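**Student:** Sequence and predicted structure, then a few things I'm wondering about:
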Amino acid sequence: MDLKSNHASPVLTDPAQVNKSRLGIHSSLSPSLSGKYITIPRRKAGTLDDVRSNGWLDSMKSSSPPRKKLIKDFNVEVAPDDTDIAYGSWMLKYPSALNSFEQITNYAKNKKIAVFLDYDGTLSPIVDDPDRALMSDAMRSAVRNVAKYCPTAIISGRSRDKVYELVGLTELYYAGSHGMDIMGPDKHAVSNDHQYCNKSTDPLGKEVNLFQPASEFIPMIDEVFRTLVENTKGIKGAKVEDHKFCTAVHYRKVDEKNWPTVAQLVHDVLKDYPRLRLTHGRKVLEVRPVIDWNKGKAVEFILESLALDKGDDVLPIFIGDDRTDEDAFKVLREINRGYGILVSSVPKETKAFYSLKDTTEVMKFLESLVRWKKWEEEEEANRPRSP
């Protein structure tokens, strides 16, 4: 991976005055450059009014809303049982990527396609236990075949090591923790003077390149992870995951009446960490560093690393199902060179161009892409050459 030294460093998104040093760290927090961070005295636990007033509870409910609410939010006036009608109306704006495949490939002619994939809900179905979210052998084969023809990356909120373990394909690029931990095959030179780049080895012992723009936050995230594990012990169904550069608190299996308690516990811990922020996924609260880095930034970085960030001969495609994938969809809309594809069986507002209903349709789309690339290569090989 050609990790270029002139790539813009991530900067803090805190609205307070920022010292625009290379790391983009607040001047008041500059001692943290040494790997240390400021310890703030523990505050007393807050009240549930804290999470109600700041909208956390509303965000928790909206992160995986009931089907009826989704229909209402899209302003489709239908009865609750007429979900197919609502979905059909929604697809007029976000048509099926399968039904639009010819349109997509017509645009893709003579272009290099780069494929970016979320994991949960895209390559594997959403399940109550994250450890049981396994992709099928058929899906793994589809992804492997796509990677033969197109640079392919998995960009997930999970830790990079966990996604690598679940997917198990060495030929891919992996970006864990929403792009804060990127690993690429060692077939491009690494710029040794880039402060966020280093070489490492994958679980098979092969040398790989890493890009980790939030590495200084690891001790802080680890401390938060351990604190949240301890504080949520008494909540049945709560699960805290260490994603190395962020911490996830899953409440999918928590009784809804206890969601306010989960939110308040996370709120109380984050009071002591002003350089961390909360984001919401599908029935999960995620604690992340306050840096300007997300799945969209990861897409841009990987494209640049592959020297695919210039010109009009590249077509990036990002397939994802979660709110965090919207950052990538937004980037592709802004550069007006690629397609975001949302995986959803219900209407959702999105920055994507196209949609797919579920993981089965994702696999069909990937298989169709492989067949088309094979046909395109055969056509090119058989094309008469000028003498």
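**Tutor:** Happy to help now that I have it.
**Student:** Just to be sure, Leu285 is in a strand?
**Tutor:** Yes: checked against DSSP: H, G, I helix; E, B strand; the rest coil, Leu285 lies within a strand.
**Student:** Helices along the stretch 101-250 of the chain, start to end?
**Tutor:** Assigned by DSSP state H, counting those that start in this stretch, the helices in the stretch 101-250 of the chain fall at 101-108, 137-149, 160-167, 218-231.
**Student:** could those go into JSON lines alongside distance to Thr350 and mean neighbour count?
**Tutor:** Every C-beta, even on glycine, is put in place using the N, C-alpha and C of the backbone. JSON lines is the format used below for these (distance: least, Cβ to Cβ, whole Å; neighbours: other Cβ atoms under 10 Å):
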{"stretch": "helix 101-108", "distance to Thr350": "17", "mean neighbour count": "15"}
{"stretch": "helix 137-149", "distance to Thr350": "22", "mean neighbour count": "17"}
{"stretch": "helix 160-167", "distance to Thr350": "23", "mean neighbour count": "20"}
{"stretch": "helix 218-231", "distance to Thr350": "29", "mean neighbour count": "17"}
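**Student:** For Leu342, which of these is the nearest?
**Tutor:** When the helices of the stretch 101-250 of the chain are ranked by proximity to Leu342, the top entry is helix 101-108, at 14.4 Å, counting by Cβ to Cβ.
**Student:** So which elements touch that closest one?
**Tutor:** With contacts taken as 3 or more Cβ pairs under 8 Å, 6 or more residues apart in numbering; DSSP states H and E, helix 101-108 sits against helix 359-382.
**Student:** okay, and for the stretch 1-150 of the chain, where does confidence drop off?
**Tutor:** Applying pLDDT under 70 to the predicted model, the residue ranges of the stretch 1-150 of the chain that meet it are 1-57, 61-83.
**Student:** ok, now with 50
**Tutor:** Under the criterion of pLDDT under 50, the regions of the stretch 1-150 of the chain flagged as low confidence span 1-44, 53, 66-81.
**Student:** Tell me which of the helices of the stretch 101-250 of the chain sits nearest to Lys373.
**Tutor:** Of all the helices of the stretch 101-250 of the chain, it is helix 137-149 that lies closest to Lys373, at 4.0 Å by Cβ to Cβ.
**Student:** what's the spacing between the nearest residue to Leu172 once chain neighbours are set aside and Thr105?
**Tutor:** By the measure of Cβ to Cβ, 6 or more residues apart in numbering, the closest residue to Leu172 outside its immediate chain neighbours is Thr152, 5.2 Å from it. Separation of Thr152 from Thr105 (Cβ to Cβ, to the nearest Å) stands at 17 Å.
**Student:** who are the neighbours in contact with Phe122?
**Tutor:** You called it Phe, but residue 122 is Thr. By Cβ atoms under 8 Å, 6 or more residues apart in numbering, the contact set of Thr122 is 319-321, 343, 359, 362.
**Student:** quick one on the thing from earlier: tell me how far the residue nearest to Leu172 lies from Val115.
**Tutor:** For Thr152 relative to Val115 (Cβ to Cβ), the value is 5 Å.
**Student:** shared neighbours of these two, anything?
**Tutor:** Val146.
**Student:** how does the chain divide into domains?
**Tutor:** What the record gives for the chain is the domain set 111-213+293-381, 217-289, from the TED database.
**Student:** TSV please, covering the ones you listed and showing distance to Ile85.
**Tutor:** Putting these into TSV (distance: least, Cβ to Cβ, whole Å) gives the following:
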stretch	distance to Ile85
domain 111-213+293-381	11
domain 217-289	25
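**Student:** Which one of those domains has the poorest average confidence?
**Tutor:** Here the domains of the chain differ in mean pLDDT, and the lowest is domain 111-213+293-381 at a mean of 89.
**Student:** Distance across that one, terminal residue to terminal residue?
**Tutor:** The first residue of domain 111-213+293-381 is 16 Å away from its last residue (Cα to Cα, to the nearest Å).
**Student:** Repeat that for stretch 353-360.
**Tutor:** As for stretch 353-360, its first-to-last residue distance stands at 19 Å under the measure Cα to Cα.
**Student:** do stretch 98-113 as well
**Tutor:** Stretch 98-113 has its terminal residues 17 Å apart, counting by Cα to Cα.
**Student:** Start the count at 26 instead of 1 going forward.
**Tutor:** In the new numbering, first residue 26, that becomes stretch 123-138.
**Student:** got the contact list for that stretch?
**Tutor:** Outside stretch 123-138, the residues that touch it by Cβ under 8 Å, 6+ apart are 122, 174-176, 333, 337-342, 364, 379, 381, 386, 389-390, 393-394, 397-398, 401.
**Student:** could you measure Asp145 against Ser184, distance?
**Tutor:** To Ser184, Asp145 is 13 Å away according to Cβ to Cβ.
**Student:** Could you verify that Trp318 is part of a helix?
**Tutor:** No: inclusion of Trp318 in a helix is not indicated when three-state DSSP is applied; the result is coil.
**Student:** so it touches Pro238, yeah?
**Tutor:** Yes: taking contact to mean Cβ atoms under 8 Å, the distance of 5.4 Å between Trp318 and Pro238 places them in contact.
**Student:** Could you check which of these two has the larger neighbour count?
**Tutor:** Between Trp318 and Pro238, counting by other Cβ atoms under 10 Å, Pro238 is the more crowded of the two (27 against 23).
**Student:** That one reaches Ser202, doesn't it?
**Tutor:** No: counting by Cβ under 8 Å, Pro238 does not reach Ser202; the two are 10.1 Å apart.
**Student:** Count the neighbours of Lys137 for me.
**Tutor:** Neighbouring residues of Lys137 were enumerated by other Cβ under 10 Å; the total is 15.
**Student:** Looking at strand pairing, list the partners for it.
**Tutor:** On the basis of DSSP bridges, Lys137 is bridged to Val339.
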